[in-house]
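K.L.:
sequence isn't available, so here's the structure alone:
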């Protein structure tokens, strides 16, 4: 375990604090999730930020090295859908998975569940006892062919009780490399791009979407245009605000920028940037735990 106690202070009285990095040393760790690990960066008002309690639960490694998957927690289980299993930038349908698994958060074996389309970089969120798989990237080419990659607009809901998938309202445009979060029975989606063709093509998206699950027939709506275009970012919610963290820009630069959207006023503002580091904020995940954002 490596511990870094440093923190960065900002004039708005919020700060990022590097907490702890748990790294399982494994020969097979060439991809991010050949084993599960936890990196914690805290974003919170100093007055409410208490000391972290050390400790981690070592979960069973995934059955195969995996990157760019969707993951969510629901009713004591960690669920993982899809992902990429090839080398970096080796995109083909042989290297994209449509598998769906879960493991108890207390540890144990991975359980295989009914899967679906082979996708990488989908978003997976939990709400109302169900899981929602949103968008993602599919590969139509074989490993011997020119990359033919396409973002998806499909959204599907999984019911763990019946173990079945059912379609939900499709996105307003295909989207991958985005993120999603649930606030008060609303699913918010931001970031990503609409990839349609070879490895270098894609339209970078600048809309924040919402799906109101309380409606009898929910449909996606544009909440706001975003003051940025980034993908491979993280999205989390805290105190009726959405925090869009890091990612990659259209210029292929890694971003430490944090944008904040107030759900009530529907206005954007800037949060404190992440501490600078070569890959800080790229391909990350963020969560609200106990009134603090963990990255």
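P.N.:
Cool, the structure landed. Remember, it's a predicted structure, so these values are computed and weren't measured experimentally. Residues are numbered from 1 along each chain as shown.
K.L.:
and stretch 183-194, how far apart are its ends?
P.N.:
Counting by CA to CA, to the nearest Å, you get 25 Å between the two ends of stretch 183-194.
K.L.:
give me the mean pLDDT for that stretch.
P.N.:
When pLDDT is averaged along stretch 183-194, the result is 97.
K.L.:
sort out which residues of it are buried, please.
P.N.:
Residues of stretch 183-194 classed as buried: 183, 186, 187, 188, 189, 190, 191, 192, 193, 194 (neighbour count, 16 or more other CB atoms under 10 Å). For every residue, glycine as well, the C-beta is placed using N, CA and C.
K.L.:
ok, what's across the strand from the fourth one?
P.N.:
Counting by DSSP bridges, residue 188 forms beta bridges with residue 181, residue 210.
K.L.:
picking up where we left off before, dump the buried residues of stretch 183-194 to a markdown table, plus distance to residue 258.
P.N.:
Rendered in a markdown table, the data for these read as follows (distance: CB to CB, whole Å):
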| residue | distance to residue 258 |
| --- | --- |
| 183 | 18 |
| 186 | 21 |
| 187 | 21 |
| 188 | 16 |
| 189 | 18 |
| 190 | 13 |
| 191 | 13 |
| 192 | 17 |
| 193 | 20 |
| 194 | 24 |
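K.L.:
in this structure residue 138 contacts residue 117, no?
P.N.:
Yes - in terms of CB atoms under 8 Å, residue 138 counts as a neighbour of residue 117; the distance is 6.5 Å.
K.L.:
which residues do the two both contact?
P.N.:
When contacts are counted by CB atoms under 8 Å, 6 or more residues apart in numbering, the set common to residue 138 and residue 117 consists of residue 152.
K.L.:
thinking again about what came up before, strands - which of the buried residues of stretch 183-194 land there?
P.N.:
With DSSP state E as the criterion, strands contain 183, 186, 187, 188, 189, 190, 193, 194 from among the buried residues of stretch 183-194.
K.L.:
which single one of those is nearest to residue 215?
P.N.:
Nearest to residue 215 among those is residue 186, at 10.0 Å by CB to CB.
K.L.:
can you tell me how far that closest one is from residue 229?
P.N.:
Distance, residue 186 to residue 229, using CB to CB, to the nearest Å: 23 Å.
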